[in-house]
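> here's a sequence, model it:
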Amino acid sequence: MIGKQLGKRISVRQFVGINSGFTRAMRVVLSDRGVTFAKAMVLVGGPDWPTSVLTGIMRLSCPQMLLGSLPIIMTIVPSVMAGAFNLLTTINNTWAALSTILAMVLMVVQGGATMAAAIVIERANSKRKEEVDAVPVDEEVKKCDDAEAAFNAARRDVTHWQHPRNSAAMRFLLILSAVVMILTWWATILLTPYAKFDVGTAYSMLGWRVWEIFLIPLGWLTLFGYVFCWVARYIYQRWAKKAALAELANPTPAGWLQKGDSATYVSERAVGEGVKELEASK
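Below you'll find the predicted structure:
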């Protein structure tokens, strides 16, 4: 029910990678009728809530998912028994060994199921490739994925050190924040700018007000350093987003990368344009 409601949102389907090879292979495995080993391992070995919600997002049959989840009894029994024996240790310590053994059994069973889930999905991706490829692509999510890939490529371009949009002010801000963060971190580790206390220290025993945790002036300087770096990162991220959108609207002419900088650097957009030209020439 929850998964079906969440699946109506494009952003949710994009977040779970509905068009990825892994998710498509999972869909093929879970679409099998009845209880199969592969299906049971995915439903039992996968994370409980995310796996269940993902089946709803993929609009899979609820009765079939419940049927395939029946082998969960393999993990429920040792879990319940381990908890029961642990409770009995308050009466008699002889139950402690059994509780520990069953807890270890539970770890082995659950860990084995998780590994088996990854293996069966990967095997489906290779052995049942035709079925995986036949799973329809979510076109709405594909459009968002393509747009996001283009944006990320543009962002990588504009944040390159030599890109014309990367102004001297932004480069200076990046260097300054890196220097401040390094100095602040080392000051925090080596110079002990804060009052000493631990998790077990009662607040009533500290004897100082909250702001006195920062030993003046060094403690306040380190706090200022962390806040400054956070603000600098926020400013840089905002600028990068704005510059990337401007780059998408009005791309910088090719040739902005100077020779001798990095022969291996190339943007995804340049690769995509080259592939299109190659296909057009065939």
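
> ok, now how distant is the residue nearest to Tyr226 when sequence neighbours are not counted from Ile235?
Take Tyr226 and drop its neighbours on the chain: the residue closest to it by CB to CB, 6 or more residues apart in numbering is Thr184, 6.0 Å away. In this view, the C-beta of every residue, glycine as well, is placed from N, C-alpha and C. Distance of Thr184 to Ile235, given as CB to CB, to the nearest Å: 18 Å.

> between these two, who's got more neighbours?
Thr184 (20 against 14; other CB atoms under 10 Å).

> what helix or strand does the more buried one sit in?
Thr184 belongs to helix 168-190 when assigned by DSSP states H and E.

> what residues sit buried inside that helix?
Met170, Leu173, Leu174, Ser177, Val180, Met181, Thr184, Ala187, Thr188 (16 or more other CB atoms under 10 Å).

> skip the chain neighbours and tell me the closest residue to Ala117.
Gly45 (3.4 Å).

> residues touching the one you found, list them.
Gln110, Gly112, Ala113, Thr114, Met115, Ala116, Ala117, Ala118 (CB atoms under 8 Å, 6 or more residues apart in numbering).

> pick out the most distant pair among the buried residues of helix 168-190.
Put simply, by CB to CB the two of those set farthest apart are Met170 and Thr188, 26.6 Å from each other.

> and for Ala117, the neighbour number?
23.

> A helix includes it, no?
Yes - according to DSSP: H, G, I helix; E, B strand; the rest coil, Ala117 belongs to a helix.

> pLDDT at it, what is it?
If you check Ala117, the pLDDT there is 86.

> got it, and Thr201?
At Thr201, pLDDT is 57.

> can you tell me what sits against the helix or strand that contains Ser79?
Following DSSP H and E, one finds Ser79 within helix 73-88. The contact list for helix 73-88 (CB under 8 Å, 6+ apart) reads Val44, Trp95, Ala96, Leu98, Ser99, Leu102, Ala103, Val105, Leu106, Val109, Gln110, Ala113.
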